[in-house]
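Q: mind folding the following:
(2 chains)
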Amino acid sequence: MTVVAEGYNAFETDLEPSGAILYLPDPQSVVKLIQSKKLKEHILLVRGGTTTFLAPALSMGAIGVITMSGAPESHLGILSREFQIPCIMTVHLTGSESRYEVGNASQEHFDEIIKELNGKQVTLKCSDSAVGKIDV
Amino acid sequence: MEQVSRSSYKKRYEEEDEGLRFQPNLFTGNFVDLPPVPDGIAGDRQMRARMKTGVLERVSHEDVLKPEFTIDELNDLNNYFAWNVWDVLVMRATEGVSGMIPRQEYEILSFMQQFYRYPEFMRLITDHVGAQGVIDIGASARKEIGTKINCVHDWCLGAVAFGMGRCGLLALEAIGPDDYVEESNTILKFAQRVLWGKRQDGYILNSQDRYRCQIHDQDLIDRLVSQCESFEHGSDTFKQFTSFNAAAELLAFFDHYDCRLGLGDTGPYEQKDGKILIIRDLFVNEDVYHWSDVCEGLPHCFTLAILIDPEQLALEEIRVNDISTTFTIPKNYIPAICGAAVFVREAWDTPMGEVYNVPIKDLEPHVERIKDATFKLYKKTLKMSRRELCLNGTYSYYIGMLLPHLRKAGLYDYANEKLNLWEIDQRVSNYYYEIGKRNFVQSVVPQKIFSGQGYLPFSKDADIRRSKYAWL
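A: Predicted coordinates:
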């Protein structure tokens, strides 16, 4: 196993969901995924740490979430804990120096993560109290 | 043989204990010449040691009835709220763009709208019910569940309407530090009275009391606990309850435009058997909002009595913070839930005698209705324009944060019909265009408001009577 990315772990869990990462760029893509009935096949990659964007995916059984901003104290961090959906937040690529900076994050930062992770078959490791890891 | 305790959270209540750190950041605020301050119990202690007055120590009934604060007291409240806002929100505020609801945009607009408009409504309530009546509005929370007169709403009166509203207007250079002193006093006095009335221990904030919000009367707690069902981790009952909690909490956030106003925790209340009780209100249908039509058939509020086993969790610290949210170390308290009960309050003014219990085995139909409402709200929301989303979000803060107090005072209809409660101030309407420039929302808001850096003090020359007399 190789750790390709890591970030804040929203909550400690022994669950280790596996699936192909699917980047969700807009609400329409969330609806499309729900209607495809393939929600449980994917680890969901989203940009923000807010709740509403992923609301139906959370309530309908998402198996794992990766965000590119936010923290366990963000609404998505709180709700992922309540749903017991493993969630790694503000991820950065282990092979890159680029880091998320509140208010100053460039589009290139997000694009690099999406390009590297989208479509990859991964497993989320979330047993540590602070850091969640994304294994390939 | 004596059983070794796995939990250590009670140490947090020992006088000299400084609590644990929930975040790595430090706060500076207006104290640029002093060492930075951490979060939590240690942060509260250090901040209060820097106060010039006793306004953030335990204050008396007589103090609360006084008509106004001094400039030094206003500055102490401003400085403490700056830290308190940072303490509860700086990490949340790293969440970036929503991709659906422009929350940062509507937040800053509503902050400023509240600062401009709340003084009129707060004075109206005070004139109508008197200073003691305002205290009594806060105190009503002690005997009720499913009430929005709670931590987060009452905190917002001071921290948001005054703190963030003034801070946002200062950052936008719409006002100066010594403008609107009288209005600031009106807001903070009202907030102090409600908060003090609710707590009744001399404090106004949970952070002053090691993050405890133990406000409910014992007879109410006993009534709730007596109906709790015990269960094992992983049992069907456990799964039914935790699934319900999560689904209802999600809709409660969503119905309030992705904000914390839908959730209200109190506690922790230690039980005789060592378990910890958290009482959680989840407001899943706020009918004052037109978008809540998708929640038809759901009650105003589900109240959850949640029993947590601190030994199973090996609990080190538990915080019910000032925005009514429970955080623990370790973070994942869900597997340690060992008992619960669910109650329904159909409408905001349903008498407490008519609040009823729903057995956990009967929650499934409610979960289905909640999921259905969530998906309907999602599809409804994604058809809305940015303008409409900003307006609705502004309502969810500006209307929502004072709504329970107006309702309790019997003045909501009057404020709506006679004082144009639902109108947006013309200045704030114009700010809608301003906040999109110079990266104001994405950069200035988190760096000034949630970091606690922009809460400029009133100067020593500030006049306690001053408003803002000219727009130049």
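Q: the residue nearest the centre of chain A: what's it in contact with?
A: With distances taken as Cα atoms, centre = their mean, chain A has A:I66 as the residue nearest its mean C-alpha position (0.6 Å). Contacts for A:I66 (Cβ atoms under 8 Å, 6 or more residues apart in numbering or on different chains) come out as A:5, A:7, A:21, A:43-46, A:87-89, A:91, A:117, A:124, A:134. For glycine as for every other residue, the C-beta is placed from the backbone atoms N, C-alpha and C.
Q: just checking, which of the residues you listed belong to helices?
A: A:L117 (DSSP state H).
Q: in CSV, list the contacts of A:I66 along with neighbour count.
A: CSV is the format used below for the contacts of A:I66 (neighbours: other Cβ atoms under 10 Å in any protein chain shown):
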residue, neighbour count
A:A5, 25
A:G7, 22
A:I21, 23
A:I43, 24
A:L44, 25
A:L45, 26
A:V46, 25
A:C87, 33
A:I88, 25
A:M89, 27
A:V91, 22
A:L117, 22
A:L124, 25
A:I134, 26
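Q: quick one: which of the contacts of A:I66 is nearest to chain B?
A: A:V46 (6.9 Å; Cβ to the nearest Cβ).
Q: residues contacting the closest one?
A: A:V46 is in contact with A:Y23, A:L24, A:F53, A:L54, A:V65, A:I66, A:T67, A:M68, B:G99, counting by Cβ under 8 Å, 6+ apart.
Q: for the second one, give its distance to A:I85.
A: Taking Cβ to Cβ, to the nearest Å as the measure, A:L24 falls 14 Å from A:I85.
Q: between those two, which one's more packed in?
A: A:I85 (26 against 22; other Cβ atoms under 10 Å in any protein chain shown).
Q: what's the closest non-adjacent residue to that one?
A: Nearest residue to A:I85, sequence neighbours excluded (Cβ to Cβ, 6 or more residues apart in numbering or on different chains): A:A62, at 5.4 Å.
Q: quick one, what contacts the one you found?
A: Going by Cβ under 8 Å, 6+ apart, A:A62 touches A:L39, A:K40, A:L44, A:L54, A:F83, A:I85.
Q: what pLDDT is listed against A:E116?
A: Per-residue pLDDT puts A:E116 at 97.
Q: look up how far A:I66 lies from it.
A: Using Cβ to Cβ, A:E116 is found at 12 Å from A:I66.
Q: pull up the overlap in contacts between the two.
A: Residues touching both A:E116 and A:I66 (Cβ under 8 Å, 6+ apart) are A:A5.
Q: after the helix or strand where B:S110 lies, which helix or strand is next?
A: Assigned by DSSP states H and E, B:S110 falls within helix B:103-139. Per DSSP H and E, the first helix or strand lying C-terminal to helix B:103-139 is helix B:151-156.
Q: show me how far that following helix is from its chain's centre.
A: Between the centre of helix B:151-156 and the centre of its chain there are 4 Å (Cα atoms, centre = their mean, to the nearest Å).
Q: quick check: mean pLDDT across that helix?
A: Rounded mean pLDDT across helix B:151-156 is 97.
Q: which residues are contacting that helix?
A: If you take Cβ under 8 Å, 6+ apart as the criterion, helix B:151-156 is touched by B:138, B:141, B:191, B:194-195, B:198, B:205-206, B:213, B:260-261, B:263-266, B:320-325, B:397, B:400-401, B:404-405.
Q: in the host helix or strand of B:L402, what counts as buried?
A: Assigned by DSSP H and E, B:L402 falls within helix B:386-408. Within helix B:386-408, the residues scored as buried using 16 or more other Cβ atoms under 10 Å in any protein chain shown are B:389-408.
Q: that one close to chain A?
A: No - between helix B:386-408 and chain A, judged by Cβ under 8 Å from any Cβ of the partner chain, nothing touches; the nearest distance is 10.0 Å.
Q: and after that helix, which helix or strand comes next?
A: Next helix or strand after helix B:386-408 toward the C-terminus (DSSP H and E): helix B:412-418.
Q: residues in contact with the helix or strand following that following helix?
A: Using DSSP H and E, the helix or strand that follows helix B:412-418 in sequence is helix B:426-434. With contact meaning Cβ under 8 Å, 6+ apart, helix B:426-434 is reached by B:I108, B:L109, B:M112, B:Q113, B:Y116, B:L172, B:A174, B:R387, B:C390, B:T394, B:F440.
Q: go ahead and confirm the first one touches B:G436.
A: No - using Cβ atoms under 8 Å, B:I108 and B:G436 do not qualify as a contacting pair, with a distance of 10.7 Å.
Q: now for the helix holding B:L402, which elements pack on it?
A: Applying 3 or more Cβ pairs under 8 Å, 6 or more residues apart in numbering or on different chains; DSSP states H and E, we find helix B:386-408 packed against helix B:103-139, helix B:151-156, helix B:412-418, helix B:426-434.
Q: so how many other residues sit close to B:I137?
A: 24.
Q: residue contacts, it?
A: Residues in contact with B:I137 (Cβ under 8 Å, 6+ apart) are B:I125, B:V129, B:I149, B:V194, B:G197, B:H405, B:K408, B:A409.
Q: if we use 6 Å, what do you get?
A: Contacts for B:I137 were tallied using Cβ atoms under 6 Å, 6 or more residues apart in numbering or on different chains; they are B:V194, B:H405, B:K408.
Q: and the first one, how far from B:S396?
A: Using Cβ to Cβ, B:V194 is found at 20 Å from B:S396.
Q: quick one: is the one helix or strand B:L169 maps to near chain A?
A: Using DSSP H and E, B:L169 sits within helix B:165-171. No - using Cβ under 6 Å from any Cβ of the partner chain, helix B:165-171 stays clear of chain A, with a minimum separation of 12.7 Å.
Q: that concludes my questions; thank you for your assistance.
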